[in-house]
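Novice: pasting the sequence and the predicted coordinates here, then a few questions.
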Amino acid sequence: MSGIPTTSLPRINADRCTDCRECIPVCPRDAIIEPLNVCCAKCIKYCATLEVDCKPEKPAISVSLCDGCGLCLDACPVGAIEWSEADATGSAGQR
Ligand code: SF4
Ligand code: SF4
C-alpha cells in the first residue's frame, strides 16, 4: 500500500470510444479535450523513452479540470467513459 490518497475520476477508454464527441459539450468544466490533429509519427522516432502518447485521435479528460460530477459517463452512448482511481498527483491515465 502506497499511502497516497486516491479519488475516482473518469477516464476514456480509447479502444471503446467512437470519437462521436457527444461528451464534450456536456462537461460543465470544459474538462474534456478535443483530440488534437497531431501525427505522433513525426516525433516518436526521436523519443528514446517512448513517452509520446500515440492515441491523439480520441478525446481526453483533464484531471486538473474535472471535478468528478459524472455527467460525461451518462452522456457517452457506448459506455467508453469509466471511473478510474487517480492518486494524489491527479494522474488517472488514459488508455
Ligand atoms: S461520448 Fe463516448 S464515444 Fe463519444 S467521444 Fe465521448 S467518450 Fe468517445
Ligand atoms: S466527470 Fe464531470 S467534470 Fe469530469 S469530465 Fe465528466 S462531465 Fe466533465
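Specialist: All right, it came through fine. Ligands and ions are numbered 1, 2, ... in the order given.
Novice: how deep is residue 64 tucked in, by neighbour count?
Specialist: Using other C-beta atoms under 10 Å, residue 64 has 7 other residues around it. Placement of C-beta: from N, CA and C, glycine included.
Novice: correction: the previous question concerned residue 34.
Specialist: A count of neighbours around residue 34, defined by other C-beta under 10 Å, yields 11.
Novice: residue 18 now?
Specialist: Per other C-beta under 10 Å, the neighbour tally for residue 18 reads 11.
Novice: so it makes contact with residue 79?
Specialist: No. Between residue 18 and residue 79 there is no contact under C-beta atoms under 8 Å: 10.8 Å.
Novice: what does this structure have sitting close to ligand 1?
Specialist: Contact residues (C-beta under 6 Å from any ligand atom) of the chain with ligand 1: 12, 17-23, 59, 75-76, 78, 80-81.
Novice: redo that, cut-off 8 Å
Specialist: By C-beta under 8 Å from any ligand atom, the residues of the chain that approach ligand 1 are 12-13, 16-24, 32, 58-59, 72, 75-81.
Novice: pLDDT score for residue 81?
Specialist: Residue 81 carries a pLDDT value of 96.
Novice: show me the contacts for it.
Specialist: By C-beta atoms under 8 Å, 6 or more residues apart in numbering, the residues touching residue 81 are 10-13, 23, 61, 72-73.
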